[in-house]
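Engineer: Quick one, what's the 3D model for this:
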Amino acid sequence: MSAEPAPAASSTETADRVPARIKVFYAAPYIAELAVGLPIYIWLPKFYADHLLVPLGLMAMAIAVARATDAITDPLMGWISDRTRTRWGRRRPYILVGGLMAPVFYVMLFSPPESLSPTEGALWFAAGFTSLFLFATINGVPMQALGVELTSDYHERARLFGVRAAFIMGGTLAGASLPWLVDGGLGLPVREAMPLVAIGVAAVIWTLKILLVTQVRERPELSTGSHPPLVPGVRQAFRNRPFRQLLFAYLVATLSHGMASVLLPFFIEHVLHEPDASRLLSLSLGTGFLVAIASLPLVIRASRRFGKLQVWRAALVLASATDIAKWFLAPGDGMWLVVLYGVRGVALAAMQALPAAIFADAIDYDELYSGRRREAQYSAFWHIVPKFVAVPGAAIPLAVMGTFGYVSGQTEQSPEVVLGLRAIMVVPSFLAHFAGAMMTLGYPLSSAVHGRLLHALRLRRAGESTTDPITGQRLSATSSADPGADLAWLDALSLRELRRALDGAARSLPARVMLRISGAAALTTLGAAIAIVSAGDLARKPGIAAVGGILLVGVGLTATLYHAARLRPARRVAAGEVKPASLARHIEQIELRRAAERASRAAQQAARSGRSSPASR
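Structural biologist: Numbers count the residues shown, from 1 in each chain. Predicted coordinates:
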């Protein structure tokens, strides 16, 4: 067997360079979309409560329900986008529809009629909020996928998502000024200023979306091939080792972000005893974002020299160090908080720019086995992480503060409250950042390995055999670890279920799947019951139990639909539609890939142990 020619040294080929204007056209809409989010979450509920007398509990429940349904709509949107074939591409039609419709409901939320009763106001808010985020999903998942597709170069992706990070952070800063514009900045009553500001933001979003759709072109060569049904596609995605490792590290690293945002005003007032808490809050956050934007070029250069993952890991460790430093802040240390947020801004630059660029590389690995480009289905999982951690991140710290005895409106809190506030401000954030950094150890896709991966993909597309650059598994020209489009539906069933079928228990598969459906439905019912019983007085924000119940409904409903989609494949296997020899080959291919991954991880661990042992030095 002849050895494969080594790939050329990593460099950005002309075809993979993204012109600066295309980077800007792609990234610019994020500045307006991020500006929308902050007022909706922080300022808008208070307006509806004060002016329309809408119960805070109803609005909190509506927000939680919308977020819980993202568990269904995000993966579904990714699957639909990947399967779409139009003359305009498979991303831009959805970006246009979602990008034009979402601002309509943003304007709706900022323009409630004065005649609405509290109940009608709650319905208005719920309808506007859920519709806004539905169209945000229709726009957001394909938009994330489009960014992944624009270039396959390891370093160019860092530059592209670095530009996007600058617009994202700029949008967050712009969003902080919108409540000021509404509440007196324009010299108009709030009721008159709200629609004007909303229409202005909507006009910016519409303009930027139209520019994106007309100026940024998709790569038609990536739209070839068939795609498996939704559930098999999900299972296949989670066989992708780099993606799986990266997704869980990203999830853990971002778990505490919502908590820190909610708790910072309380920390400034009750731990630092700052007389002008609003000023220090603005100064700290503004310093952090400005330093982050200024640090982006440094981060991108560092990622080119040391590697994207290594710089992201270092940023997470730096963020965890600033978390620890907060513990030692005392009354009067307000300016030290500003300094800490400035230092944290360097870490923030890397945490905003690099994870998406690393994630794009992991999607390339999927094509090596599946022969398909499924950027949107992968992007759906990436897109949902910050949404899913936002709801508990906002609810948990306030509920915990209540258990310590926090009294609303009281300037002086008990020592137990101050200690508890310090603890929940520091400990969860430190643990999340540090654990996320440690979870990236052993990640296999470095710049050199990614270069070999692209070389392997070129061979596969040409119909030649090649080698998995991560595991060393040889992939023949006529087969892959994915059994092919004709049997891709088998991946709706787990490996254990397929083994049972091969061992003669195929007829029991439908009953087993029905049992899973029943269990998931029971979980949905339990979540609904917890939410209803725990909601209590809807004039107040619901506690952690009610929010947790709503999230449980989202998880349970998603699991119910997931297992329901597996019922037909289970019946097909039970009916004997797949020959035992074909089933055995399918199982063998999956097991070979798993064995190769285990061997690769063991070799990596042995290499790390060797480097760290005294004998190796």
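Engineer: so what pLDDT did residue 205 get?
Structural biologist: Listed pLDDT for residue 205 reads 93.
Engineer: Next: residue 163.
Structural biologist: On the pLDDT scale, residue 163 gets 96.
Engineer: isn't it right up against residue 23?
Structural biologist: Yes - counting by CB atoms under 8 Å, residue 23 is a contact partner of residue 163 at 4.4 Å. (Glycine included, C-beta is placed from N, CA and C.)
Engineer: In the stretch 201-350 of the chain, what residue spans correspond to helices?
Structural biologist: 230-237, 241-254, 257-270, 277-306, 308-327, 334-370 (DSSP state H, counting those that start in this stretch).
Engineer: of those helices, which approaches residue 61 most closely?
Structural biologist: helix 257-270 (17.3 Å; CB to CB).
Engineer: Now do that closest one: which elements does it pack against?
Structural biologist: helix 277-306, helix 375-403, helix 415-439 (3 or more CB pairs under 8 Å, 6 or more residues apart in numbering; DSSP states H and E).
Engineer: what's the least confident stretch among these?
Structural biologist: When I compare the helices and strands packed on helix 257-270, helix 375-403 is least confident, with a mean of 73.
Engineer: Least reliable of the helices of the stretch 201-350 of the chain by average pLDDT, please.
Structural biologist: helix 257-270 (a mean of 80).
Engineer: buried sites along that helix?
Structural biologist: 257-264, 266-270 (16 or more other CB atoms under 10 Å).
Engineer: can you check stretch 156-172 too?
Structural biologist: 156-172.
Engineer: just stretch 519-536 next, same as before
Structural biologist: 520, 521, 523, 524, 527, 528, 530, 531, 534, 535.
Engineer: again, but for stretch 112-127
Structural biologist: For stretch 112-127, by 16+ other CB under 10 Å, it's 112, 116, 121, 122, 124, 125, 126.
Engineer: Can you lay out these as TSV showing secondary structure?
Structural biologist: Putting the buried residues of stretch 112-127 into TSV (DSSP: H, G, I helix; E, B strand; the rest coil) gives the following:
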residue	secondary structure
112	coil
116	coil
121	helix
122	helix
124	helix
125	helix
126	helix
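Engineer: which among those residues gets closest to residue 563?
Structural biologist: residue 126 (28.6 Å).
Engineer: Not counting its neighbours along the chain, what's nearest the closest one?
Structural biologist: With CB to CB, 6 or more residues apart in numbering as the criterion, residue 126 has its nearest non-adjacent residue at 4.0 Å, and that residue is residue 62.
Engineer: residue contacts, the one you found?
Structural biologist: Neighbour list for residue 62: 122, 125, 126, 129, 130 [criterion: CB atoms under 8 Å, 6 or more residues apart in numbering].
Engineer: what about the helix or strand hosting the last one, average pLDDT?
Structural biologist: Here residue 130, judged by DSSP states H and E, is contained in helix 118-149. This predicted structure assigns helix 118-149 an average pLDDT of 91.
Engineer: Who are the packing partners of that helix?
Structural biologist: helix 44-51, helix 56-83, helix 92-109, helix 154-180, helix 334-370, helix 375-403.
Engineer: do that again at 7 Å, thanks
Structural biologist: Under the contact definition 3 or more CB pairs under 7 Å, 6 or more residues apart in numbering; DSSP states H and E, helix 118-149 sits against helix 56-83, helix 92-109, helix 154-180, helix 375-403.
Engineer: out of the ones you listed, which comes closest to residue 234?
Structural biologist: Among the helices and strands packed on helix 118-149, helix 56-83 comes nearest to residue 234, with 6.5 Å by CB to CB.
Engineer: quick one: that closest one to helix 230-237, angle?
Structural biologist: Helix 56-83 runs at 80 degrees relative to helix 230-237, counting by axes from the mean of the first three to the mean of the last three CA atoms, to 10 degrees.
Engineer: Just want the angle from helix 56-83 to helix 92-109.
Structural biologist: Using the same axes, to 10 degrees: helix 56-83 against helix 92-109 is 170 degrees.
Engineer: Mean confidence (pLDDT) on helix 56-83, please.
Structural biologist: Throughout helix 56-83, pLDDT has a mean value of 81.
Engineer: got it, and stretch 529-536?
Structural biologist: 76.
Engineer: got the residue ranges for the strands in the stretch 451-600 of the chain?
Structural biologist: Ranges of strands within the stretch 451-600 of the chain are 466-467, 474-475, based on DSSP state E, counting those that start in this stretch.
Engineer: So what are the sheet partners of the last one and their directions?
Structural biologist: Going back to what we said before, that points to strand 474-475. strand 466-467 (antiparallel) (DSSP bridges).
Engineer: can you list contacts of the partner strand?
Structural biologist: Contacts of strand 466-467 with the rest of the structure, by CB atoms under 7 Å, 6 or more residues apart in numbering, involve 4, 456, 459, 460, 474, 475.
Engineer: which residue packs closest to the fourth one, ignoring adjacent ones?
Structural biologist: Distances taken as CB to CB, 6+ apart place residue 466 nearest to residue 460, at 5.7 Å, with adjacent residues excluded.
Engineer: Test for you: state the pLDDT assigned to the closest residue to residue 487 other than its chain neighbours.
Structural biologist: Nearest non-adjacent residue to residue 487, counting by CB to CB, 6+ apart: residue 586, 5.9 Å away. On pLDDT, residue 586 comes in at 89.
Engineer: rewinding a little: can you lay out the contacts of strand 466-467 as CSV showing pLDDT and neighbour count?
Structural biologist: Converted to CSV, these look like this (pLDDT from 0 to 100; neighbours: other CB atoms under 10 Å):
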residue, pLDDT, neighbour count
4, 48, 15
456, 93, 24
459, 91, 17
460, 87, 18
474, 87, 12
475, 86, 20
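Engineer: and residue 60, how far is that from residue 546?
Structural biologist: Distance from residue 60 to residue 546, counting by CB to CB, to the nearest Å: 8 Å.
Engineer: How about residue 300?
Structural biologist: Taken as CB to CB, the span from residue 300 to residue 546 is 43 Å.
Engineer: now residue 196
Structural biologist: Distance of residue 196 to residue 546, given as CB to CB: 35 Å.
Engineer: Which residue of these two possesses the greater neighbour count?
Structural biologist: Neighbours per residue (other CB atoms under 10 Å) separate residue 196 from residue 546, with residue 546 holding more: 24 against 15.
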